[in-house]
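S.K.: sharing a sequence plus its predicted fold:
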Amino acid sequence: MNSGKAKPDTKINCLKCKHFYVTWDPGFPRGCRAYGFKTADMPSALVMRSSGKPCLSYEEKIK
């Protein structure tokens, strides 16, 4: 059974993550509730640039 966690070699799509949200801030329109930040880029891209590792908090949304 799939746990909803991303595999290490899989590109993470924040739009499918339950922690992703859209903000009202035009300078930082995307956010991540798991890490608690807003960004102009996709949150997973910022996590990768900052830590060198893929996002470890990704959890697929339940539809």
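M.R.: Ah, there it is.
S.K.: can you count the residues close to S57?
M.R.: 17 (other C-beta atoms under 10 Å). C-beta coordinates here come from the backbone N, C-alpha and C atoms, glycine included.
S.K.: just M42 next, same as before
M.R.: A count of neighbours around M42, defined by other C-beta under 10 Å, yields 18.
S.K.: quick one: contacts for it?
M.R.: When contacts are counted by C-beta atoms under 8 Å, 6 or more residues apart in numbering, M42 touches C14, R30.
S.K.: dihedrals phi and psi, V22?
M.R.: phi -100, psi 130 (degrees, to the nearest 10).
S.K.: that one reaches F28, doesn't it?
M.R.: No. Using C-beta atoms under 8 Å, V22 is not in contact with F28, being 10.5 Å away.
S.K.: who has more neighbours, those two?
M.R.: F28 (13 against 10).
S.K.: check which helix or strand that one maps to.
M.R.: Using DSSP states H and E, F28 sits in no helix or strand.
S.K.: repeat for Y21
M.R.: Assigned by DSSP H and E, Y21 falls within strand 20-22.
S.K.: from the contact counts, what lies against that strand?
M.R.: Applying 3 or more C-beta pairs under 8 Å, 6 or more residues apart in numbering; DSSP states H and E, one finds that strand 20-22 makes contact with strand 30-32.
S.K.: parallel or antiparallel, which strands does the strand it packs on pair with?
M.R.: strand 20-22 (antiparallel), strand 37-39 (antiparallel) (DSSP bridges).
S.K.: pull out the buried residues from the last one.
M.R.: It stands for strand 37-39. Within strand 37-39, the residues that count as buried by 16 or more other C-beta atoms under 10 Å are K38, T39.
S.K.: residues touching the helix or strand following that strand, excluding its own?
M.R.: Counting by DSSP H and E, the next helix or strand C-terminal to strand 37-39 is helix 43-51. Identification of contacts with helix 43-51 by C-beta under 8 Å, 6+ apart yields 12-14, 17, 19-20, 30-32, 35, 37, 39, 53-55, 58.
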